[in-house]
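Chemist: just a sequence and a predicted model for now, questions to come.
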Amino acid sequence: MPQKDPCQKQACAIQTCLQANKYVESMCEDVIREMRRCCKTHAGNSICCSGFKDSNPTESKSNTKLPVGCV
């Protein structure tokens with residue numbers, strides 16, 4: 001059985017937040033910050049971090065890739 005991605009919870013929280021807020025990223029800064037924190041810790045073990053590991057908060061958020069696979 002494959003191991004669960006350590007940052008999947010945060011990735012799903014981003015998707016949920018964005019959907020609930022009509023994709024206004026400024027409304028989801030707290031969950032995005034949590035994702036960055038998780039990726040900083042688990043980047044080597046998390047496929048969900050592939051779009052976050054090289055990004056930082058000052059970059060254009062439109063380039064942020066969101067992971068898929070949340071239910």
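Modeler: Looks like it arrived, so ask away. None of these values were measured; they are calculated from a predicted model. Numbering: from 1, shown residues only.

Chemist: quick check, pLDDT for the spatially most central residue of the chain.
Modeler: The chain has A11 as the residue nearest its centroid, 3.9 Å off, counting by CA atoms, centre = their mean. For A11, the model assigns a pLDDT of 94.

Chemist: now S55
Modeler: 51.

Chemist: just to revisit the earlier point, which element is the residue nearest to the centre of the chain on?
Modeler: Using DSSP states H and E, A11 falls within helix 8-20.

Chemist: list the contacts for M27?
Modeler: Counting by CB atoms under 8 Å, 6 or more residues apart in numbering, M27 touches 17, 21. Glycine gets a C-beta too; all of them are placed from N, C-alpha and C.

Chemist: quick one: low-confidence ranges for the chain?
Modeler: For the chain, applying pLDDT under 70 flags the ranges 1-2, 53-71.

Chemist: could you pull out the strands in it for me?
Modeler: Along the chain, counting by DSSP state E, no stretch forms strands.

Chemist: ok so, going back, then the helix holding A11 to PDB, C-alphas only?
Modeler: C-alpha atoms of helix 8-20 as PDB (Å, rounded to 0.1, in the frame of the first residue of the first chain):
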ATOM      1  CA  GLN A   8      -1.800  16.100   0.900                       C
ATOM      2  CA  LYS A   9      -3.900  17.500   3.800                       C
ATOM      3  CA  GLN A  10      -2.500  21.000   3.100                       C
ATOM      4  CA  ALA A  11      -2.800  20.600  -0.600                       C
ATOM      5  CA  CYS A  12      -6.500  19.600  -0.300                       C
ATOM      6  CA  ALA A  13      -7.100  22.500   2.100                       C
ATOM      7  CA  ILE A  14      -5.800  24.900  -0.600                       C
ATOM      8  CA  GLN A  15      -8.200  23.500  -3.200                       C
ATOM      9  CA  THR A  16     -11.100  23.600  -0.800                       C
ATOM     10  CA  CYS A  17     -10.300  27.200   0.200                       C
ATOM     11  CA  LEU A  18      -9.900  28.400  -3.400                       C
ATOM     12  CA  GLN A  19     -13.200  26.800  -4.500                       C
ATOM     13  CA  ALA A  20     -15.000  28.300  -1.500                       C
END
